[in-house]
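1. Give me the fold of what follows.
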Amino acid sequence: MNPTDHNDTPESTPETTAESAQESATPAGELATVHPLRTRPDQHESTGPADGESAPQVVEGRIISEYEYRLLTDEKAQREWRYAEYRKQAVWLARTTRTAVTHDRTVSTLKFVGRNTLVYPTLGAGVALKRWRDTHGSSRYERMMRAAELAGDHDKLADWEARDVAEKARRHDRAMDWVRSPWQLAKAAGAVTVCAAVLLLVLGLILWVGGKGEFLGPISAVIDAIAFAVWFVITYGVLLVTGVTAGVLTWLWNLGRTSQAVPDLFRPAAQRNLDDVEITPSIVVTALRDLRISELRKKIEAMEDRGAAMLGPIRIAGCGVEFDIHLPSGVDTEEVKRKRRKFAENMGRHEHEVFLTTPPTPRTVRVWAADSGELDKPIGPSPLVTDPTLTADMYSGRAPWGMDLRGDAVLMALLQCHLLITGLSKQGKTASLRALALWLALDPSVRLYIADLKGIGDWRMFKPVAEKLIEGPTDSHCIQATHMLEWGVEEMERRLQAFDGDKYRNGVPRELAKPGGPFAPIVLLVDEAQQAFMNPAKDDKNIPFGGQTSKSRYFMAARKIHNQGRAVNVVLWQGTQDPTNDNLPKLVREGAHIRAALALGTESQSRMALGDKAVDGGAAPHELRSGLDKGTLVVSGEGVPLPAGQPSMTVRTHFIDGDDSVTVIDRAVAIRGGTTTEKTQVEAPPERDLLDDVAEVLAGDDVKATDVAARLRRLAPSHEPYADLGATKLKEALENVGVPVRQKDGTLTVRVRHLVNALADREDEKGS
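-> Take a look at the predicted model:
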């Protein structure tokens, strides 16, 4: 019972007696305040015995608090209590309502109902209206003309303008047909009616003559059919209208459901996740609009199609999609490429899953976007491992290195190409370089000279096939690597002097580069080459082995090989770590034909590794994820199967572990004829006789000393004493064996009679 539920009538509230007042002053009042309550009248009637003695009275009561007493007696307290109850009930109602309204099930239900009853049909009606306008009006042509004008493409503008004029002419002809059609329709309807009546009369006559029916029977049947159709429409018209309406609404609902334009507020979670995976034109245009490039946003909003005309077709390319964006005039491609991260995130991708490059077409950005998570999956094994019958030919073959972003195999042409691979530590540099070297090992004509300046066994499996293998990180190992390159320089110079350019006008042919041939390909491979550049040791003449100047022995040897080595099949491959101008000098890195970079730290390092042209064209190894994109590199240069107009490409290289590498080397040993011993030097050439060789090249005529020296080099290109032979050295050598060389017309000349006398004297000495 509420505190306010009591009787306030005067009859039920007589004043308390004096005894009650006295009771309030009893000792019990010292423990609590006693308040007299209203009593009923019958409590004051005497019920005692007749002798007049007062009987004991029974007092009913309960203990209440001061607050409860005020609620029973004070109207202000009662009013405050009621207002407090009202507030509690209002708070409970608001909290319950908010919980019910914001519950996931309520929200999903409301979205479902709103999506299917309001959004989809409305969007479908918009799509249907737009299709009708495009089909029966010129809005499509006007939209495309505006887009072409904004894009600055005058050829497309003229083409769409011509189409617009032709369509307007066709619509005019149709309108004129409608002007002429009423009279034609009336004549046709009259003719059809007369023909039908005559046909029915003839049919009735035939039936009447044959006794099969009445003369007007067919006409009556047609009239009955018309009456039935009218009755059917009147009777079932509501159902027909309802069915047609339901069908139209269902069609509009389906159009809206597939329109890809549902507001995010009404989209279910599953569809939002799907949109994050699929790249659609609307997503791309929205991503471009939200790049915060004001000029681009204005042009997109000014386009009738909201920017759809900027996009080329979205094509499936490997584990992602590829498309071109034709930017409107006033927007630079570099502005978009600088916002790669925001563009990727706007499309629901990570930065490393979107690559932006610049194709030859002006004001165009080519976009490749991977499917979510695909780049984190490993690629398949190398064909070197899976195909035991695979062989190699440096002249005509291509090395399988990995896969590009489209999933196509990357096959490298390595003939006469210097190579440089760089990157941060532990990104797969050695494995990427070794994958190419393993392919070369399968070509028996290739001679490998390897310096591993880390020395932990990454290249030890090459010992059976390498002419020379240096392993170790010390200064002495760097000195050995320098000597190896200097030997390569000497071999290069010998080959340059011995090559017969008159006979071989198109460079070194394959017949001279066969196994054991004088021009067999030589690959000088230095892994961790930064160690050699930073080597502080000096030789006995105080010339430094390392360094970046013309006094550095390693630097000069690398430069000489880069300058001329490729012409005679002497190439240099280097792998370096964390490139700087100190550990990778500019002249050396720019001398490589193939330049590749794994993950790097800064854009400046990317420019060091690949060059300004590649980086300006979109190459960005500094945007690869260190530790996550191991074995993924950006490569440019000669021998790389670059897409048309692209300065670089991204390659995910095959990883070949140590055990598989040993298997490949075993096959290489078998192909090379079972040679398993390490060769440390070039085999010694056969002994030659100077007098006999000079007699052969003179051929009975007096010849200038310089021409004799040249003929001797061509006669024996592998004979080292002839490699650097000149007129002065030839004069000294001939005089030592008794052939004087004198000047003739101011030129040192070797005379036949002097040579014949020397040969005769030698024969006399042998005879005696």
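
2. Could I get the phi/psi values of K377?
-> The phi and psi values for K377, taken as degrees, to the nearest 10, are phi -90, psi 140.

3. Show the contacting residues for it.
-> Contact criterion C-beta atoms under 8 Å, 6 or more residues apart in numbering gives no residues in contact with K377. Backbone N, C-alpha and C define where each C-beta goes, glycine included.

4. 10 Å instead, please
-> Contact partners of K377, counting by C-beta atoms under 10 Å, 6 or more residues apart in numbering, are 319, 371, 652.

5. With W573 instead?
-> By C-beta under 10 Å, 6+ apart, W573 lies in contact with 414, 417-421, 433, 436-437, 440, 448, 450, 523-527, 529, 592, 594.

6. One more: A537?
-> With contact taken as C-beta under 10 Å, 6+ apart, A537 is in contact with 474-476, 478-479, 482, 544-546, 553.

7. do that again at 6 Å, thanks
-> A537 is in contact with 475, 479, 545, counting by C-beta atoms under 6 Å, 6 or more residues apart in numbering.

8. Three-state assignment for R180, please.
-> Under DSSP: H, G, I helix; E, B strand; the rest coil, the three-state class of R180 is helix.

9. Just give me the neighbour total for Q531.
-> The local packing of Q531 (other C-beta atoms under 10 Å) involves 25 other residues.

10. again but with R174, I slipped
-> R174: 10 neighbours (other C-beta under 10 Å).

11. Among the contacts of W573, which ones are in strands?
-> Among these, DSSP state E puts 419-421, 448, 450, 523-527, 594 in strands.

12. Which one of the contacts of K377 is nearest to V127?
-> Comparing those against V127 with C-beta to C-beta places D371 closest, at 28.0 Å.

13. Next up, identify which helix or strand K630 is on.
-> K630 belongs to no helix or strand when elements are defined using DSSP states H and E.

14. Tally up the residues packed near it, please.
-> When neighbours are counted by other C-beta under 10 Å, K630 registers 22.

15. cool, and V336?
-> For V336, the count of nearby residues is 21 (other C-beta under 10 Å).

16. Now do the SS call for it.
-> What three-state DSSP gives for V336 is helix.

17. show me the residues around A520 that make contact.
-> A520 is in contact with 445, 447, 513, counting by C-beta under 6 Å, 6+ apart.

18. Phi and psi next, for the spatially closest residue to L216 that is not a sequence neighbour.
-> Of all residues not flanking L216 in the chain, G204 sits nearest, at 5.8 Å (C-beta to C-beta, 6 or more residues apart in numbering). When read as degrees, to the nearest 10, the backbone of G204 gives phi -60, psi -40.

19. In this model F215 seems to touch G204, though I could be wrong.
-> Yes. Taking contacts as C-beta atoms under 6 Å, G204 lies within contact range of F215: 4.6 Å.

20. For the two, work out which one has more neighbours and name it.
-> Using other C-beta under 10 Å, the more surrounded residue of G204 and F215 is G204, with 19 against 14.

21. and that one, what pLDDT?
-> On pLDDT, G204 comes in at 80.

22. Spit out the contact partners of it.
-> G204 neighbours (C-beta under 6 Å, 6+ apart): 215-218.

23. Among the residues you listed, which one has the most neighbours?
-> Sorting the contacts of G204 by how many neighbours each has (other C-beta under 10 Å) puts P218 first, at 21 neighbours.

24. L203 is in contact with that one, correct?
-> Yes. P218 is in contact with L203 according to C-beta under 6 Å; the separation is 4.7 Å.

25. Low-confidence regions, the stretch 601-750 of the chain specifically.
-> For the stretch 601-750 of the chain, applying pLDDT under 70 flags the ranges 674-687, 717-718, 720, 723-724.

26. quick one: which of the contacts of K377 sit in strands?
-> Judged by DSSP E, those include R652 as members of strands.

27. of the contacts of K377, buried ones?
-> Neighbour-count burial (16 or more other C-beta atoms under 10 Å) applied to the contacts of K377 gives 319, 371, 652.

28. Closest one of the residues you listed to T361?
-> Among those, C319 lies closest to T361 (C-beta to C-beta), at 24.9 Å.

29. picking up where we left off before, select from the contacts of A537 the one having the most neighbours.
-> With neighbours taken as other C-beta under 10 Å, the top of the contacts of A537 is F545, carrying 22 neighbours.

30. Mind splitting this structure into its structural domains?
-> 10-46+55-100, 135-257, 268-374, 402-496+515-671, 690-767 (automatic domain parsing).

31. Just send those domains back as CSV, with distance to A128 too.
-> Below are the domains of the chain laid out as CSV (distance: least, C-beta to C-beta, whole Å):
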stretch, distance to A128
domain 10-46+55-100, 37
domain 135-257, 6
domain 268-374, 17
domain 402-496+515-671, 38
domain 690-767, 82
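
32. Identify, out of these, the most deeply packed stretch.
-> Highest mean neighbour count of these: domain 402-496+515-671, a mean of 20 (counted as mean count of other C-beta atoms under 10 Å).

33. distance between that one and the chain's centre?
-> Remark: domain 402-496+515-671 is offset 26 Å from the chain centroid, using C-alpha atoms, centre = their mean, to the nearest Å.

34. now swap in stretch 701-717 and tell me
-> Mean-position distance between stretch 701-717 and its chain equals 60 Å (C-alpha atoms, centre = their mean).

35. where in this protein is pLDDT low?
-> For the chain (pLDDT under 70), the answer is 1-61, 147, 150-153, 259-277, 674-687, 717-718, 720, 723-724, 767-768.

36. Repeat the analysis, applying 50 as the threshold.
-> Counting by pLDDT under 50, the chain shows low-confidence ranges at 1, 6-30, 46-47, 50, 272-276, 675-685.

37. Contacts for stretch 387-394, please.
-> If you take C-beta under 6 Å, 6+ apart as the criterion, stretch 387-394 is touched by 383, 415, 439, 442-443, 446, 521.

38. Among those residues, which ones are in strands?
-> Mapping the contacts of stretch 387-394 onto strands (DSSP E) picks out no residues; all lie outside.

39. Including distance to L327 and secondary structure, could the contacts of G204 go into JSON lines?
-> Below are the contacts of G204 laid out as JSON lines (distance: C-beta to C-beta, whole Å; DSSP: H, G, I helix; E, B strand; the rest coil):
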{"residue": "F215", "distance to L327": "81", "secondary structure": "coil"}
{"residue": "L216", "distance to L327": "78", "secondary structure": "coil"}
{"residue": "G217", "distance to L327": "77", "secondary structure": "helix"}
{"residue": "P218", "distance to L327": "72", "secondary structure": "helix"}
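
40. Out of these, which is nearest to P740?
-> Distance to P740 across the contacts of G204 (C-beta to C-beta) is lowest for P218, with 136.8 Å.

41. Now E322: which helix or strand?
-> Using DSSP H and E, E322 sits within strand 320-326.

42. what about the strands in the stretch 51-200 of the chain?
-> Taking DSSP state E, counting those that start in this stretch as the criterion, the stretch 51-200 of the chain carries no strands.
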